[in-house]
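Undergrad: sequence and predicted structure below; questions after.
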Amino acid sequence: MNISVFCDFDGTVLKEDLGDEVFKKFGQFEPLHTQLMAGEMTVAEYWRRIAGTIQSDVLPEEIEEFALGFQLDAYFKSFVEDCREQEIPLTVVSDGFDVYIKPLLKREGLDWLPVRCNRMVLKNGRYETEYPGASESCSCFCASCKRNSILEKAAPDDIIIYIGDGLSDTCGAEHADIIFAKKSLAAYCNEFRLPHHPFKNFFDVRRILKKITTASSLKPRHQAVLKRKKAFEIE
């Protein structure tokens, strides 16, 4: 049985939502964030507009330096090593940006991990956003659909494990067989009766995953298999 793990970054690998903190520090967080949550714009439009509020004299190196003041979950690196030892592929999937995700992973010696995220670049005196995982066939709360990362990285018969915390994780979780959820994602799973494992940090994830693999409890979730099949056909 082959397993593939997909893990959110902001609020999951990091306890904080670093994307929010970056734009609070260097851009104009409000009223754009409130407008986003009120449904007045798409996530892609939100990212485009809020990135445009960062002044051109703010260099990417300054954003990177700010990001390096944050710490990863204390148990994430051990979890990554667990996956590596068991030859389980792990992909970081984020609707955040490379400008702060990749420096943090590099600092921890984890820059070899596959990362699927948005890009933010300074072009002609203005920060612009790019969404490599954008999908016209999905209306999830993402600019880059995490479902598509699953479809592209995992084999059709893999057991998919998804780990996340927020609204941007709901689409990925719906297409996963095993879900680890906290915060908004856990509330969503409860509301829509998605079976999941609550967790606080990656110590919990390691403990629970070891327990269910030892008990041979890993198996495909029927509804997730159907959703992945339908998504493959659409894409």
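TA: The structure has been received and is ready for your questions.
Undergrad: any stretches of the chain with poor pLDDT?
TA: 215, 235 (pLDDT under 70).
Undergrad: let's go with 80 and repeat that
TA: Applying pLDDT under 80 to the chain flags residues 1, 133, 135-139, 214-217, 234-235.
Undergrad: where do the strands sit along it?
TA: Remark: strands assigned in the chain by DSSP state E are 3-7, 90-97, 115-123, 126-130, 159-164, 178-181, 197-198.
Undergrad: from residue 113, how far off is the nearest residue to residue 9 once chain neighbours are set aside?
TA: What sits nearest to residue 9 in space, not counting adjacent residues and going by C-beta to C-beta, 6 or more residues apart in numbering, is residue 94, at 3.9 Å. Where you see a C-beta, it was placed from the backbone N, CA and C, and this is true even at glycine. Distance, residue 94 to residue 113, using C-beta to C-beta, to the nearest Å: 12 Å.
Undergrad: and those two? which has more neighbours close in?
TA: Legend: neighbour count by other C-beta atoms under 10 Å for residue 94 and residue 113, higher for residue 94 (29 against 19).
Undergrad: residue contacts, that one?
TA: With contact taken as C-beta atoms under 8 Å, 6 or more residues apart in numbering, residue 94 is in contact with 8-10, 101, 115-118.
Undergrad: and for residue 164, the neighbour number?
TA: By the measure other C-beta under 10 Å, the count of residues near residue 164 is 32.
Undergrad: distance of it from residue 20?
TA: For residue 164, the distance to residue 20 - C-beta to C-beta - is 16 Å.
Undergrad: got it, and residue 47?
TA: Taking C-beta to C-beta, one finds residue 47 at 12 Å from residue 20.
Undergrad: before we move on, what about residue 180?
TA: Per C-beta to C-beta, residue 180 is found 22 Å from residue 20.
Undergrad: who's residue 120 bridged to?
TA: Beta-bridge partners recorded for residue 120 (DSSP bridges): residue 129.
Undergrad: same check, this time on residue 162
TA: With DSSP bridges as the criterion, residue 162 is bridged to residue 6, residue 179.
Undergrad: that one reaches residue 170, doesn't it?
TA: No - between residue 162 and residue 170 there is no contact under C-beta atoms under 8 Å: 10.0 Å.
Undergrad: quick one: which of these two has more around it?
TA: residue 162 (28 against 21).
Undergrad: that one: what's it in contact with?
TA: So residue 162 contacts 5-7, 150, 169, 172-173, 175-176, 178-180 (C-beta under 8 Å, 6+ apart).
Undergrad: let's see it at 7 Å
TA: Contact analysis of residue 162 by C-beta atoms under 7 Å, 6 or more residues apart in numbering lists 6, 172-173, 176, 179.
Undergrad: again, but for residue 9
TA: So residue 9 contacts 92, 94, 96, 101 (C-beta under 7 Å, 6+ apart).
Undergrad: that's all I had, so thanks and see you.
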